[in-house]
Structure formats: structure tokens, C-alpha cells
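In: Please work out how this folds:
(one chain, ligands or ions: 1)
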Amino acid sequence: MLSDFALSDEQRFVWETTARFAQERVAPDAARRDHEHRFPFDLVSELAQLGLLGVKVPVDDGGSGADMTSYVLSISEVARACASTAVTMAVSNLVADILSRFASPAQKQRWLVPFLAGKMGPASFALSEPSSGSDAAALRMSAVKDGDAYVLNGSKQWITNGTHASFHLLFARVVDGPGPHPTGSKGITCFIVERGAKGLDAGTEEKKMGLRSSNTAQLHLTDVRVPLANVIGEVGKGYAIALSGLDTGRIGIAAQALGIMEAALAEGVRYAKERKAFGKALSEQQATQFAIADSRCELEQAWLLTLRAAADRDRGAERTAKASSMAKLFATEACGRVVDRMLQIHGGYGYVEDYPIERLYRDARVTRIYEGTSEVQRLVIAREVLTG
Ligand SMILES: Cc1cc2nc3c(=O)[nH]c(=O)nc-3n(C[C@H](O)[C@H](O)[C@H](O)COP(=O)(O)OP(=O)(O)OC[C@H]3O[C@@H](n4cnc5c(N)ncnc54)[C@H](O)[C@@H]3O)c2cc1C
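Out: Sure, this is the predicted structure:
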């Protein structure tokens, strides 16, 4: 499908380099990592060496200086090999993208440049809390100014890379003291909280249905002192920072779904050609052909919406909320249908670990939940259509 697109030399280079890396280095051990719930530290270093932790970050900030389309191509290739590694990569790019746009030169030198050079390990984006996910602006983590620092208290939930992150890009609400606190986006500020900060407990890891070699953890902060120098952007403007990051983050999750779909369809086609029933291969039975045809159509529709959202970004659009949400909504919902059809083609063998479709099925499910659920994407799209 992609060969039909007029990709630039640079986009083709990023795509081919990532595809080679993904098939040679990421794919071979993916099933075992999943089985062992093992985080791919080695792959994070290799992603950094290839410039894949900050694909869109300007070269001057230590990134690859490529465009959003290249980012989509690279995430989809890594996800085709291993969706867990892809989400680790996606969150790293989200953090790097925000730092490159909002951090001061000194902050970039301290965190962004060494992070992208692979000298720090993973990083996290910590917005969700135990009682606020879709309604992220309802976050409760508080930050009270005290001399040369803010003192942070509260918990974060579902934080990808949370246990292993060398630093967390974390959103808390600046307040004057113990409640009543402002509501909505008021006061929300973006901080860097470093690994090992006194009072930071980043140890409680979730046991997940899928993406088992990615890390998802709760963070608990008790009187954590965060220096004033660790505020990213302006105090009180953190929610806008988070939302602008999610615009690109959602395109990244659409790309992750594309990669999972590509892998699932390949597995379904391969199995349908091998397996015989009633005297002929499944691929010769019309019901199987229809499942494959419907899946191919949905995969290509998802590619078009995702590349279109990426192209909007590459043309310089400041915000791409509707296009990003449409890509994420359609690609992730289509992904759910495709993995389901391809598992069905496998019959009973689809339900056991021996075939990759079982892992793809489990990994696909969360794409409809994180970086905004499908319902939240519909709210964003409807708002833009109704007010546009
Ligand atoms: C594996 C994993 C990794 C994650 N990684 C991160 C991360 O790195 N950083 C981070 O900050 N967060 C992360 N998240 C959190 C994720 O973004 C949230 O789970 C998601 O935004 C949904 O929030 P919630 O789970 O609190 O569900 P809720 O917001 O409680 O929603 C529950 C249900 O209600 C629906 N709903 C809510 N409001 C409405 C409405 N107005 N209209 C219609 N339906 C509605 C939702 O769509 C959903 O179906 C991760 C989650 C998972 C599972």
C-alpha cells in the first residue's frame, strides 16, 4: 500500500531503516518478551542510536529532524514487529516532542539531548490519575510553592515506562495550600520529576492483558520537592502543553494500530493458505476471502486517514485535533475488527500462544483506550464539526 504513495527520499529512508531494524532486532524475541513480561532495555538503547526516540525533534535539539509522516512509518513498522516496543517508543517521542517545543535551552541540554542520545533510558508522560483519565483536567495532584521548589503530592495511574523512567514529564496543579483547589485546567503545570526523587514511589507495576513487555505503573508522590528549574513552559499552562502533545500522540497510536493490523492480516493470510477444511484451503473458501477483503479495505482506509493527519501536521498546522482523532478512532477500531477476523480464521489455534495472532489480539485492545478512548475521540470530532 505504501509503495503507492509518493514518499520523499527522507521518508523512504526512515521507513526502510526502521523496517529493517524492526524485523531483524525487534520481531525475533517479541513473543518471548511478552511471555516473560520483560521490558526491552536493549531495544530502547538501539532505538536511541537510530534516532527513533525523537523522530520529529529538530537536529539541533538532538533529534532526527524528520517529519510526522516518517514518524507514522517508523511506529507502524516497530508495532508490526512488537506493539509493546512501539508504545515505549511512542511515549518517548511524545516526551521528546513536548520538551523540544516547550523546554528552555538549559532544560533541553539537561534532559532532552542526553535522553535522545540514549544516555538516560526511558522517560514517561504522567497525566492520568486514579480518579481522572478521560477527564484529565480533573487531576488532583497538587504542587505548592515552597522557596526554591514546588512540593508535589498525589498519585498517577497507568504510566507507560513508569517504573523504569529516568524522568517523568508530570502534570500537577499549582495551588496555594490545602484546598479548596481550582478546577478545570486552571493551575495545571508541567514538571520534570527525576527518578530517585525523595518521596517518589514508582514501583507498582500493572499486570496487563496485552502489551506485556511494556511497563505500566502507578506513581505515588509524597512531599516530593521539585526545583523551580524543572517547570516546563509557564506555570498554569500545562494543560495546553498536554493537549498539544496528544494531537501528535494520537497519530502515533493510529500508527501503532496500523502496524498491528499489518501483522495480523499477514498472519491470517498465511494461515488461510496453509490450513485445509472440507478438501480445500481456507483461502479458497469464500467466507475467508470476504474476511480478508474487508480487513484489507479497512487497513487501507486507516492508512489514508493516518497519513492525512500526518500530512496536515507536516504542512505546519498548529493543532490537528480533528484529523488526529479521526485517524486514531478509525485505525484503532478497524484494528479491533481485523485482529478478531484473523483470529477467527485460525480457529482454535488462534486462541493459544503458539500463533502470533493471540498476542496481536491482546495487544490491539488497548489502542481503543489510551491516548483518549474511542468515545473521547468522537467527542473531539463532533465538537470540531459542530463548531467549525
Ligand atoms: C496500558 C495503558 C497505558 C497507559 N499509558 C498512559 C501514560 O503513559 N500516561 C498517561 O497519562 N495515561 C496513560 N494511560 C491512561 C489512559 O490514557 C486512560 O486509561 C484513558 O484516557 C481512559 O481513562 P480512564 O481509564 O480513567 O477511563 P474513564 O475516563 O473513567 O472512562 C471510562 C469509560 O467511560 C467513557 N467515558 C468517559 N467520559 C465519557 C463521556 N463524556 N462520554 C462518553 N463516554 C465517556 C470512556 O470512553 C470509557 O469507556 C494508559 C492506560 C493504559 C491502559
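In: pretty sure Gly184 is touching Asp135, no?
Out: No. With contact defined as C-beta atoms under 8 Å, Gly184 does not count as touching Asp135 (9.9 Å). Placement of C-beta: from N, CA and C, glycine included.
In: my read is Val224 is in a helix, agree?
Out: No. Counting by DSSP: H, G, I helix; E, B strand; the rest coil, Val224 falls outside a helix, being strand.
In: residues touching the closest residue to it other than its chain neighbours, list them.
Out: Once flanking residues are discounted, Val224 sits nearest to Gly199: 4.1 Å by C-beta to C-beta, 6 or more residues apart in numbering. Neighbouring residues of Gly199 by C-beta atoms under 8 Å, 6 or more residues apart in numbering: Leu221, Thr222, Asp223, Val224, Arg225.
In: Need those in JSON lines (columns: pLDDT and distance to the ligand).
Out: Conversion of those to JSON lines gives the following (pLDDT from 0 to 100; distance: C-beta to the nearest ligand atom, whole Å):
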{"residue": "Leu221", "pLDDT": "98", "distance to the ligand": "14"}
{"residue": "Thr222", "pLDDT": "98", "distance to the ligand": "19"}
{"residue": "Asp223", "pLDDT": "98", "distance to the ligand": "22"}
{"residue": "Val224", "pLDDT": "98", "distance to the ligand": "17"}
{"residue": "Arg225", "pLDDT": "98", "distance to the ligand": "22"}
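In: still on that earlier bit, identify the contacts common to Gly184 and Asp135.
Out: When C-beta under 8 Å, 6+ apart defines a contact, no residue borders Gly184 and Asp135 alike.
In: Backbone dihedrals for the residue of the stretch 1-150 of the chain found nearest the ligand, please?
Out: The ligand sits closest to Gly133 of the stretch 1-150 of the chain, with a gap of 1.9 Å, by C-beta to the nearest ligand atom. Phi and psi for Gly133, reported as degrees, to the nearest 10, are phi -120, psi -80.
In: Touching, it and Trp158? I think so.
Out: Yes. With contacts defined as C-beta under 8 Å, Gly133 counts as touching Trp158 at a distance of 7.3 Å.
In: coming back round to it: measure the residue nearest to Val224 to Gly154 for me?
Out: As judged by C-beta to C-beta, to the nearest Å, Gly199 and Gly154 stand 11 Å apart.
In: joint contacts of these two?
Out: With C-beta under 8 Å, 6+ apart, Gly199 and Gly154 have common neighbours Leu221.
In: Tell me which residues touch Arg195, please.
Out: Arg195 sits next to Ala165, Ser166, Phe167, His168, Ala202 when contact means C-beta under 8 Å, 6+ apart.
In: Report the beta-bridge partner residues of the fourth one.
Out: Okay, so that is His168. Beta-bridge partners for His168, by DSSP bridges, are Ser124, Val193.
In: contacting residues for it?
Out: Shown in contact with His168 (C-beta under 8 Å, 6+ apart): 123-126, 156, 159, 162, 192-195, 202, 219.
In: Out of those, which are close to the ligand?
Out: Among the contacts of His168, the ones lying near the ligand by C-beta under 6 Å from any ligand atom are Phe125, Ala126, Ile159.
In: most surrounded residue in these?
Out: Ala126 (30 neighbours; other C-beta atoms under 10 Å).
In: Ramachandran coordinates for it?
Out: The phi/psi pair for Ala126 (degrees, to the nearest 10) is phi -110, psi 90.
In: likewise Ala103?
Out: Dihedral angles for Ala103 - degrees, to the nearest 10 - are phi -80, psi 160.
In: and the nearest residue to it once chain neighbours are set aside, what are its bridge partners?
Out: Distances taken as C-beta to C-beta, 6+ apart place Ile232 nearest to Ala103, at 5.4 Å, with adjacent residues excluded. When bridges are called by DSSP bridges, Ile232 pairs up with Cys190.
In: pLDDT value on Ile232, please?
Out: pLDDT for Ile232: 98.
In: Quick check, it in contact with Leu99.
Out: Yes. Judged on C-beta under 8 Å, Ile232 makes contact with Leu99 at a distance of 6.9 Å.
In: Contact partners for the residue of the stretch 1-150 of the chain closest to the ligand?
Out: By C-beta under 8 Å, 6+ apart, Gly133 lies in contact with Gln157, Trp158.
In: and it, how far is that from Glu371?
Out: Between Gly133 and Glu371 the computed distance is 11 Å (C-beta to C-beta).
In: By mean pLDDT, which helix or strand of the chain comes out lowest?
Out: None of the helices or strands of the chain scores lower by mean pLDDT, DSSP states H and E than strand 200-205, at a mean of 90.
In: rewinding a little: separation between the residue nearest to Val224 and the ligand?
Out: Going from Gly199 to the ligand by C-beta to the nearest ligand atom, to the nearest Å gives 20 Å.
In: ok, back up a step: can you select the buried ones among the contacts of Gly199 for me in ChimeraX?
Out: Selection command for ChimeraX covering only the buried members of those, criterion 16 or more other C-beta atoms under 10 Å:
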select :221,224,225
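In: Make a markdown table out of the contacts of Gly199 and add distance to Gly147.
Out: Listed next are these as a markdown table, based on distance: C-beta to C-beta, whole Å:
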| residue | distance to Gly147 |
| --- | --- |
| Leu221 | 18 |
| Thr222 | 18 |
| Asp223 | 14 |
| Val224 | 15 |
| Arg225 | 9 |
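In: OK, now which residue of the stretch 201-350 of the chain is nearest to the ligand?
Out: Closest approach between the stretch 201-350 of the chain and the ligand, counting by C-beta to the nearest ligand atom: Thr216, at 4.5 Å.
In: Beta-bridge partners for that residue, please?
Out: Counting by DSSP bridges, Thr216 is bridged to Thr160.
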